[in-house]
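Student: Everything below, folded, please.
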Amino acid sequence: MATYAIITLIMLNPKRILVTKFRAMGDTILLTAALKELHRNFPNAQIHVAVPDPWIWLLEGFPGVTKLLPITWHNDRAARTKAATRLAFQLRKESYDVVCGFHSSPAAAMVALSTGAKVRAIHFHSFKAKNMYSTVEIPGKGTMKPVVQRDLDTIRGLGIRVDDHVLPEIYLKSEERALAREEFRAWGMKRPVLGIALGASRATKIWPLHRFAEVAQKWVSEKNGSVLVITGPGEERLTEDFFKSIPNTPEFRALIQVMPSCNVRVLASRISQLNALVGNDSGPRHLATALGVPTVTMFGPEHPLEWHPYPEDRHPRLFIEPLPCRKNQEPGSPPWCGLQECIVEAHQCMTRIGAAEVFESVSRVYETYGKDIGI
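Tutor: The predicted structure is shown next:
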């Protein structure tokens, strides 16, 4: 108890806080919920954030964040260790009072330790593994929960009160949104505009592309609107296969368009102008939710518990359960499958989600929440 009392005294007025999370786009977006609570509790502190480039630029203009530290996080262990050592040397010069390490790996935890900060809230990647180098006890360890709540646990360890219902948010300038509206007009996009995000981190998380095509065609025909197809680098093949199921007629080819490649800030501004978005569990659908765009998400091999912390009236998710083929989870975790390719079970976790069901869901959220976007 005495240790935590000392920590509380230190924490009364931290001048400089470092936040680290060396993960993917979706993880960076989910982090913003905890960033909001850090700023609310410590409004006078400078908050520096180190996350991978290019995702870090989504945090431009975020309240309380005074410095962005873009990093390159390598897959190769030797390169990662070398980069982590350089980063630790750079960060030590900043004299941080507090470091919050979210979803840390051993290398990320070492970076936090090397800063020399006396107060370190480090939440390890594995929900059962020890929180390495943390000077505070992180509550909720060993309990599977939404990633937003795991991130909030990291700062709960600092002894501060948080809003349990806080959600991720991305801040755009009005001129960024206005530029995206002008782009939509220049492309001939017809309201309402549905975004369709085809990609995911692995093939088994991708809903069948011909089903996406069915939803796109129904949107154009029944909503009298247009569709913007969203893919990332290396996903060109998805776009090609998607268009194999779209009739090659002037009507559909004019109103179902592929979004030009862009950086993440422009991606955010364009997504902000969609009237709704349909996608797999991926970065673009997290971005849409953080920008107030209603979404429909299809989950397949992975349970939505961790990755869908959103209100389901505005952001419904479709998930087939129970399926005995999801059997890679650890004891105490929800059903999970780690396959990169599904042959024996015919990818039924995704193929059993029908296009009519998805279209009904996206129509409902559009009518309820998305009609006024872009006007």
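
Student: Show me the strands in the stretch 101-250 of the chain, by range?
Tutor: 119-124, 193-197, 226-230 (DSSP state E, counting those that start in this stretch).

Student: most packed of those?
Tutor: Each of those was scored by mean neighbour count; the highest is strand 193-197, a mean of 27, by mean count of other C-beta atoms under 10 Å. Placement of C-beta: from N, CA and C, glycine included.

Student: how far out from the middle of the chain is that one?
Tutor: What separates the centre of strand 193-197 from the centre of its chain is 17 Å, taken as C-alpha atoms, centre = their mean, to the nearest Å.

Student: Stretch 65-79 too?
Tutor: For stretch 65-79, the distance to the chain centre is 17 Å (C-alpha atoms, centre = their mean).

Student: can you check stretch 241-249 too?
Tutor: 29 Å.

Student: hmm, who's touching it?
Tutor: Residues outside stretch 241-249 that contact it (C-beta atoms under 8 Å, 6 or more residues apart in numbering): 196, 198, 209-210, 212-214, 216-217, 229, 252-253, 256.

Student: ok, how many other residues are close to Arg352?
Tutor: Arg352: 13 surrounding residues under other C-beta atoms under 10 Å.

Student: Excluding covalently adjacent residues, which one is nearest to it?
Tutor: Once flanking residues are discounted, Arg352 sits nearest to Ile320: 4.8 Å by C-beta to C-beta, 6 or more residues apart in numbering.

Student: Give me the neighbour count for that neighbour.
Tutor: Ile320 - counted by other C-beta under 10 Å - has 15 other residues nearby.

Student: so what's it up against?
Tutor: Gly300, Gln348, Cys349, Arg352, Ile353.

Student: Glu345 too?
Tutor: Glu345 neighbours (C-beta under 8 Å, 6+ apart): Leu323, Cys325.

Student: any idea how far it lies from Gly195?
Tutor: Per C-beta to C-beta, to the nearest Å, Glu345 is found 29 Å from Gly195.

Student: coming back round to it: next, give phi and psi for the residue nearest to Arg352.
Tutor: phi -90, psi 120 (degrees, to the nearest 10).

Student: any idea of the pLDDT on it?
Tutor: Note for Ile320: predicted pLDDT of 96.

Student: Under a three-state scheme, what state does the nearest residue to Arg317 once chain neighbours are set aside occupy?
Tutor: Distance criterion C-beta to C-beta, 6+ apart; nearest residue to Arg317, sequence neighbours excluded, is Thr297 at 4.6 Å. Three-state call for Thr297 (DSSP: H, G, I helix; E, B strand; the rest coil): strand.

Student: pLDDT averaged over the one helix or strand Leu69 maps to - what is it?
Tutor: Assigned by DSSP states H and E, Leu69 belongs to strand 65-71. Across strand 65-71, the average pLDDT comes to 96.

Student: Stretch 294-307: how far from the chain's middle?
Tutor: For stretch 294-307, the distance to the chain centre is 12 Å (C-alpha atoms, centre = their mean).

Student: Now it - C-alpha only, CSV.
Tutor: The C-alpha trace of stretch 294-307 is given here as CSV (Å, rounded to 0.1, in the frame of the first residue of the first chain):
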residue,chain,number,x,y,z
PRO,A,294,-22.1,4.0,-39.0
THR,A,295,-20.6,0.6,-39.8
VAL,A,296,-21.5,-3.1,-40.3
THR,A,297,-18.7,-5.5,-39.7
MET,A,298,-18.4,-9.2,-40.6
PHE,A,299,-16.4,-11.4,-38.1
GLY,A,300,-15.3,-14.8,-39.1
PRO,A,301,-12.4,-16.7,-37.4
GLU,A,302,-12.0,-14.3,-34.5
HIS,A,303,-14.6,-13.6,-31.8
PRO,A,304,-15.7,-9.9,-31.7
LEU,A,305,-15.1,-9.5,-27.9
GLU,A,306,-11.7,-7.9,-28.2
TRP,A,307,-12.1,-6.0,-31.4
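
Student: Which single one of the contacts of Ile320 is nearest to Arg265?
Tutor: Gly300 (29.9 Å; C-beta to C-beta).

Student: quick one: contacts for the closest one?
Tutor: Thr204, Lys205, Ile206, Trp207, Asn280, Phe319, Ile320, Cys337, His347, Cys349, Met350, Ile353.

Student: Now list the buried members of the residues you listed.
Tutor: Neighbour counting with 16 or more other C-beta atoms under 10 Å marks Thr204, Lys205, Ile206, Trp207, Asn280, Phe319, Cys337, His347, Cys349, Met350, Ile353 as buried within the contacts of Gly300.

Student: So the last one belongs to a helix, correct?
Tutor: Looking back up the chat, that one is Ile353. No. According to three-state DSSP, Ile353 belongs to no helix; its state is coil.

Student: let's have the chain start at 152 instead
Tutor: Sure thing, new numbering starts at 152, so read that last one as Ile504.
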